[in-house]
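Colleague: Attaching a predicted model along with its sequence, questions to come.
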Amino acid sequence: MNGFNENYCVEFDKAIERYGDLVYRICFAITGNAEDAKDAFQETFLRLVRHHKEITGEEHLKAWLSRVASNCAKTMVTNPWNKRTQGFAKNINQEPVYHQKDNSLFLELKELPYKYSLVLYLFYYEGYSVKEISDILEKKENSVKTLLNRGRKLLKKRLEGGLDNEK
Amino acid sequence: MKNKPVEEQFIKERVQETFDRITASEELKKETLERMKKAQEEGEQLSDVKKKRKSSLWRYSALAAALLCTVGIWICFLRPTGASYVTPMEEGVYYDKVELKNGVIHFVNNKVAISITPNAGKVTIGQDEQEDKSDEIQAVDVLLLDDGGMISFDKIDQISLPEIAKDNWSYIGEQKIYVTVLKTEKMRFQAVYEKNGIAYEVIGTGTTQKEFIDFLYEKVME
């Protein structure tokens, strides 16, 4: 684990290699589609170019990227233009990653409001603690706990319903 | 039939499996890296331009600050206070007699001299030596200064003024005033003005110009 280091220097290629998937997943969890996720992904790393001197270590970089990716994707979602229009990919459902075998949970996650899917991703996939998630998302720990519980319940309910329908 | 509740571990595994499939493509990473490098180069160029701009800005700021300081100093210390506009006081050695007629100050050719009694709150007006007359009037308002100076304020109907002042009115607001200064042993300032059909005279002896103008301003604005 890399703590504060004033001589730390961000190498862009390594940053993309190490944290590219993390950033993309966060963006995808929030935007729910590949095209917007790509835009938010690029915006996040372009912001890193402007702010890389502020980064003090590997952990800081990871947390910084998570937070900025979340903010960029949220901006993308809340952008009035995006609210009023539907992207090409959304129209024709051009997201090959969905169309794989056993994609039920993926679709369920996608259908959840992003505030839940994002917290579920950070908690279950990235293994962040509630405290770390609260720092990244700049929310209170109790709010994160609430989101996590509600997200869990919603997902369970949907999965149970889905399984019922299948049967 | 109701499904059994989905377990925590089950959700965890499924979330992990699901997000494992979501990855940033190599193409996206490559394209992003290129954009980052380009942005960095542009940023560096922009930074150089900014530095140059900052340098020029600093020079202009310094110049502007110097100008502001000059104006500020002039406003605070050099500009006569208390008066909206006062023409520069002229040293006058020529006297003329003035009279107030029909609300207008008229100059008479007979020359008189004025002597000031600095310690009694009195203004003595002595006419020319040939006539050998003197008249003593009680000043209406006299300001005795700590350093021995005195400013008197009086209503007049006949007073001597330097000739030079005829073409050199001063103003406090809309009020037209004659102001003159005589450099004797003690600096003497004199101002005459007419207001509502009454002529007033203010004389300052051994005062500073500021003290005199402040007093004059106060009287004119009453």
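Modeller: Received the coordinates, thanks. Numbers count the residues shown, from 1 in each chain, chains lettered A, B, ... in the order given.
Colleague: Now the lengthiest helix in chain A: buried residues?
Modeller: Longest helix in chain A by number of residues, with DSSP state H as the criterion: helix A:141-166. Buried residues in helix A:141-166, counted by 16 or more other C-beta atoms under 10 Å in any protein chain shown: A:144, A:147-148, A:151-152, A:154-156, A:158-159. All C-beta atoms are positioned from the backbone trio N, CA, C, and that covers glycine.
Colleague: can I see the domain layout of chain A?
Modeller: Chain A breaks down by automatic domain parsing into domains covering A:1-92, A:100-167.
Colleague: Take the ones you listed and write them to JSON lines, including mean pLDDT.
Modeller: Compiled in JSON lines, the domains of chain A are given as follows (pLDDT from 0 to 100):
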{"stretch": "domain A:1-92", "mean pLDDT": "79"}
{"stretch": "domain A:100-167", "mean pLDDT": "77"}
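Colleague: Let me have these in TSV, extended by distance to chain B.
Modeller: Formatted as TSV, those follow (distance: least, C-beta to the nearest C-beta, whole Å):
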stretch	distance to chain B
domain A:1-92	4
domain A:100-167	4
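Colleague: Let me have those in JSON lines, extended by distance to residue B:57.
Modeller: Output for the domains of chain A, formatted as JSON lines (distance: least, C-beta to C-beta, whole Å):
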{"stretch": "domain A:1-92", "distance to residue B:57": "22"}
{"stretch": "domain A:100-167", "distance to residue B:57": "35"}
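Colleague: Quick check: closest non-adjacent residue to the residue nearest to the spatial centre of chain A.
Modeller: Centroid-nearest residue in chain A: residue A:26, 1.3 Å away (criterion: C-alpha atoms, centre = their mean). Counting by C-beta to C-beta, 6 or more residues apart in numbering or on different chains, residue A:69 is the residue found nearest to residue A:26 once chain neighbours are left out, at 4.3 Å.
Colleague: Which element, helix or strand, includes that neighbour?
Modeller: Taking DSSP states H and E as the definition, residue A:69 sits inside helix A:58-78.
Colleague: Show me which residues of that helix are buried.
Modeller: A:58, A:60-74, A:76-77.
Colleague: Kindly report the same for stretch A:46-53.
Modeller: A:46-49, A:52.
Colleague: Dump those residues to a markdown table, plus distance to residue B:9 and secondary structure.
Modeller: Below are the buried residues of stretch A:46-53 laid out as a markdown table (distance: C-beta to C-beta, whole Å; DSSP: H, G, I helix; E, B strand; the rest coil):
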| residue | distance to residue B:9 | secondary structure |
| --- | --- | --- |
| A:46 | 39 | helix |
| A:47 | 36 | helix |
| A:48 | 35 | helix |
| A:49 | 40 | helix |
| A:52 | 39 | helix |
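Colleague: show me the residues around residue B:33 that make contact.
Modeller: A:12-13, A:16, A:45 (C-beta atoms under 8 Å, 6 or more residues apart in numbering or on different chains).
Colleague: follow-up on the earlier one: quick check: of the buried residues of helix A:141-166, which lies closest to residue A:127?
Modeller: residue A:148 (13.3 Å; C-beta to C-beta).
Colleague: you'd agree the closest one is up against residue A:119?
Modeller: Yes - here residue A:148 reaches residue A:119: they are 5.2 Å apart, a contact under C-beta atoms under 8 Å.
Colleague: Correct me if wrong: residue B:28 contacts residue A:40.
Modeller: No - contact criterion C-beta under 8 Å: residue B:28 and residue A:40 do not qualify, at 11.4 Å.
Colleague: Please compare these two by neighbour count and tell me which comes out ahead.
Modeller: Legend: neighbour count by other C-beta atoms under 10 Å in any protein chain shown for residue B:28 and residue A:40, higher for residue A:40 (26 against 18).
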